[in-house]
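>>> Just to be clear, the model below is a prediction. Sequence and coordinates:
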Amino acid sequence: MRVKVRDLVPLHSPEVSGVRSALEALSDEELIFACDHSRNGDPIKISTVSGKVVDGNGRAYELMRRAANPQSKITFDAEIECEAYTPDNSMFSFQLGVTTPEEEEASSVESTALPEDVKVMLQEILQLLNHDISQLVQMPS
């Protein structure tokens, strides 16, 4: 499927995705070609559930960075070859999906009932997980 650069919504933040110097070194034409004809069979993948880029976030950010540059030949209307990705949620015993702002707010209100020490502990664990994830992204094996 073809998707406009303006419609790419990366799953990860730019910090998690990191700088991709190999992508930055490509010309505009080479970047478009690399996205449309992935050498390793790894196209940009977009979730059919969330509409976000689940694979190829670095390429998506580089395309958006160039589209914002008036000197670039890549525009926000440029279309890129992407692949639809439907996650397999069969291992979960509950329904996964996109929540509405109202559902998220209700969930946030419910979570305030946690004791303060539990909240602090969970925040510390979250920071460790985010740190580990960012290291994995920076140092792929």
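Cool, got the structure.
>>> From now on I want contacts and neighbour counts done on CA atoms only, so please keep to that.
Fine.
>>> Can you give me the domain boundaries for the chain?
Per automatic domain parsing, the structural domains of the chain span 1-88, 103-141.
>>> from these, which stretch is densest packed?
Ranked by mean neighbour count, these are led by domain 1-88 with a mean of 16 (mean count of other CA atoms under 10 Å).
>>> biggest strand in this structure, by residue count?
Longest strand in the chain by number of residues, with DSSP state E as the criterion: strand 79-85.
>>> who touches the residue positioned nearest the centre of the chain in this structure?
Among the residues of the chain, the one closest to the centroid is L11, at 2.1 Å (CA atoms, centre = their mean). Taking CA atoms under 8 Å, 6 or more residues apart in numbering, we find L11 in contact with K52, V53, V54, N57.
>>> Now the residues you listed in TSV, please, with extra columns for secondary structure and pLDDT.
What follows is the contacts of L11, written out as TSV (DSSP: H, G, I helix; E, B strand; the rest coil; pLDDT from 0 to 100):
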residue	secondary structure	pLDDT
K52	coil	92
V53	strand	92
V54	strand	89
N57	helix	90
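>>> Contacts for the host helix or strand of F33 next, please.
Assigned by DSSP states H and E, F33 falls within helix 28-36. Counting by CA under 8 Å, 6+ apart, helix 28-36 makes contact with L23, P43, I44, R59, L63, R66, S72, K73, I74, I80, E81, C82, all of which sit outside it.
>>> from those residues, which two are the most distant?
Taking CA to CA, the two most distant members of the contacts of helix 28-36 are P43 and S72; they sit 22.3 Å apart.
>>> which residues of this protein fall in helices?
Assigned by DSSP state H, the helices in the chain fall at 14-17, 21-24, 28-36, 57-67, 101-111, 116-138.
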